[in-house]
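Trainee: Pasting the sequence and the predicted model now:
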Amino acid sequence: MLSLLTDPPNRINVLGVGISILNLESAVQQIIAAAQRKNFSGYVTVTGVHGVVESQRDPELKCIHNRSFLSTPDGMPMVWLGKWSGYKDMGRVYGPDLMLTICEATATENEGHFLYGGVEGVAQNLATQLVKNFPGISISGTHTPPFRRLTEEEEQSLYKELKKTKPRYIWVGLGTPKQEKFMHDFLAKYPDLTKDWNHGLVMLGVGAAFDFHTERILQAPRWIQNAGFEWLFRILIEPKRLWKRYAYSIGYFIKNIIPQMMGLKVYEMPQRLHVSD
């Protein structure tokens with residue numbers, strides 16, 4: 001049993017988005033410790049260049065990242081910036097890897113996992129795959145949400161299901177920025193969700209992990225990921241959907257991160273959400 005960690009790690013400032021100073025091992029320790037903490041509820045954003053750039057166009061999303069329990073360095077550019085800032089132990093915390101590592105470490109009947117996201121049937125297929133790969137894992141439930149925003153009735157139904165099943169981990173596969181906004185808004189709306197639980201709840205936005213682990217989408221080989229070229233691999237796999245996103249994100253990021261690194265431009269890391277506060 002891991003000891004409870006009380007202080008979340010510091011963050012580096014990447015265009016005003018606070019990226020937690022972590023590697024996979026320390027991220028797993030922090031998350032499992034939080035899930036053990038009575039009445040705790042929080043969310044984890046898994047953040048790379050795309051999430052940082054989207055946050056420049058969406059101040060609400062930037063605040064959501066900065067309000068998170070953790071915002072892990074998903075992309076290699078986040079890791080390189082961390083190391084450049086002097087954090088030599090900073091490492092990539094990739095959503096699909098984070099999911100499998102935590103599932104493996106918590107494959108007991110007392111550590112419930114809830115799967116929320118994907119297209120029809122994907123969450124159920126993922127549950128089957130996780131049970132196969134990690135005997136003893138407890139799947140508290142699965143839910144495939146509509147592409148639109150949940151109605152009040154649908155939110156209440158989900159809230160009641162979670163109150164009943166009491167998972168420790170909710171894996172959210174909706175893509176950025178939808179998953180970040182869902183996690184933040186749901187926990188903000190239902191602050192009593194974990195009231196009287198003898199453990200905590202961590203929501204984790206892991207994007208395409210649902211599709212990767214059910215083999216709906218081909219995952220980049222590890223050497224391509226480590227080299228920082230996963231974006232190129234994904235463009236080759238899904239050119240129509242992704243080429244514009246990556247072309248814009250990469251160009252914008254390079255153009256703006258260099259002046260920050262040189263000290264020519266300063267970005268604040270806001271936490272207040274003017275939209276919903």
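Mentor: Everything's here; your move. Residues are numbered from 1 along each chain as shown.
Trainee: Where does the prediction get shaky in the chain?
Mentor: Counting by pLDDT under 70, the chain has low-confidence residues at 1-7, 272-277.
Trainee: ok, which stretches of it are strands?
Mentor: Assignment of strands within the chain using DSSP state E yields the ranges 11-14, 17-20, 41-47, 70-73, 112-117, 138-143, 169-173, 201-205.
Trainee: what are the pairing partners of the longest one, and which direction each?
Mentor: Think strand 41-47. Next to strand 41-47 in the sheet, as set by DSSP bridges, lie strand 70-73 (parallel), strand 201-205 (parallel).
Trainee: which one of these is the most hemmed in?
Mentor: Mean neighbour count, computed with mean count of other Cβ atoms under 10 Å, is highest for strand 70-73 among those, reaching a mean of 29. Where C-beta positions appear, they are placed from N, C-alpha and C, glycine not excepted.
Trainee: still on that earlier bit, tell me which of the strands of the chain is the most buried.
Mentor: Between those, strand 70-73 has the highest mean count of neighbours, a mean of 29, where neighbours are mean count of other Cβ under 10 Å.
Trainee: between the strands paired with strand 41-47, which gets nearest to Val172?
Mentor: The closest of these to Val172 is strand 201-205. By Cβ to Cβ, the value is 4.8 Å.
Trainee: The chain: helices as residue ranges?
Mentor: 24-36, 49-57, 59-67, 76-84, 95-105, 122-133, 152-165, 178-189, 209-213, 222-227, 230-237, 239-261 (DSSP state H).
Trainee: The third one - contacts with which helices or strands?
Mentor: What it means is helix 59-67. Secondary structure elements in contact with helix 59-67, counted by 3 or more Cβ pairs under 8 Å, 6 or more residues apart in numbering; DSSP states H and E, are strand 17-20, strand 41-47, helix 49-57, helix 178-189.
Trainee: Which one, of those, ends up nearest to Phe229?
Mentor: Nearest of the helices and strands packed on helix 59-67 to Phe229, taken as Cβ to Cβ: helix 49-57 at 12.4 Å.
Trainee: Enumerate the positions of that closest one that are buried.
Mentor: Applying a neighbour-count criterion of 16 or more other Cβ atoms under 10 Å, one finds 49-56 buried in helix 49-57.
Trainee: quick one: Ala35 from Leu204, how far?
Mentor: From Ala35 across to Leu204, the span is 10 Å (Cβ to Cβ, to the nearest Å).
Trainee: my bad, Glu152
Mentor: Computed as Cβ to Cβ, the Glu152 to Leu204 distance reads 25 Å.
Trainee: Then Lys164?
Mentor: Spatial separation of Lys164 from Leu204 under the definition Cβ to Cβ is 21 Å.
Trainee: again, but for Glu161
Mentor: Distance, Glu161 to Leu204, using Cβ to Cβ: 18 Å.
Trainee: How about Phe233?
Mentor: In terms of Cβ to Cβ, Phe233 sits 23 Å off from Leu204.
Trainee: thinking again about what came up before, what do Ala35 and Leu204 both touch?
Mentor: For the pair Ala35 and Leu204, residues contacting each of them under the criterion Cβ atoms under 8 Å, 6 or more residues apart in numbering are Tyr169.
Trainee: Skip the chain neighbours and tell me the closest residue to Ile224.
Mentor: Ranked by Cβ to Cβ, 6 or more residues apart in numbering and with sequence neighbours excluded, the top spatial neighbour of Ile224 is Phe233, at 5.2 Å.
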